[in-house]
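Trainee: Below is the sequence, then the predicted model.
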Amino acid sequence: MTTPRDHLIHWLRDAYAMETHALEMCQRQVERIKNYPELTERISQHVSETKDQISKLEECFRILDTNSSVFRNALGWTAGNMQAMSGMLASDEIVQGSMSSYVFEHMEISTYKVLIAAAEAANEPRIAELCASILEQEQAMADWLEEHLAATTSKFLERDMTDQPARV
């Protein structure tokens, strides 16, 4: 029989791989964005938050006396780099990246809601608390992206119509 703790460990490993993916994706994005300083600043802030989130997940593993999956971590790193490279080919990279980031933030939000419920079911209040603090950051990033999606799109269109470098 699979226990709530077993599920919690499995889902924490998935979250760790997801955050590794997010970190790679955001770092690559920041390296490429030049013409969108507000977006660059917010993504740079989220890179720092993501590093902190990874540390919090590592604390969860210590609490449970387990570790993250090396295989899942490698997949997260590979996926993050592949996604970042695929965006470089799109002429509307900044718009596509903003939309993808918004969707990805909502996947992270749902992940942390699941982890909080699982931690509570496994009687792991500290893990629930750590995941709740990560959830707040993910919700804040999703809200920011939503608030700025139209402005980012407008700036892209303006730059594109005036033959300025619009991509990044």
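Mentor: It's in. Please read these numbers as outputs of a predicted model, since none were measured by experiment.

Trainee: What score does the residue nearest to the spatial centre of the chain have for pLDDT?
Mentor: The residue lying closest to the centre of the chain (CA atoms, centre = their mean) is Ala22, at 3.8 Å. As predicted, Ala22 sits at a pLDDT of 95.

Trainee: Tell me which residues touch the residue lying closest to it once chain neighbours are set aside, please.
Mentor: Closest residue in space to Ala22, ignoring its immediate chain neighbours: Thr50 at 5.3 Å, by CB to CB, 6 or more residues apart in numbering. C-beta here means a position set from N, CA and C on the backbone, and glycine is covered the same way. By CB atoms under 8 Å, 6 or more residues apart in numbering, Thr50 lies in contact with Glu19, Ala22, Leu23, Cys26.

Trainee: Arg159 and Tyr36: what is the separation?
Mentor: 9 Å (CB to CB, to the nearest Å).

Trainee: Could you list the low-pLDDT ranges of the chain?
Mentor: Within the chain, the segments meeting pLDDT under 70 span 70-90, 164-168.

Trainee: if we go to 90?
Mentor: Scanning the chain with the threshold set as pLDDT under 90 gives 32-35, 68-93, 160-168.

Trainee: Give me the packing partners of the lengthiest helix in it, helices and strands only.
Mentor: In the chain, assigned by DSSP state H, the helix with the most residues is helix 125-161. For helix 125-161, the packing partners by 3 or more CB pairs under 8 Å, 6 or more residues apart in numbering; DSSP states H and E come out as helix 37-63, helix 93-121.
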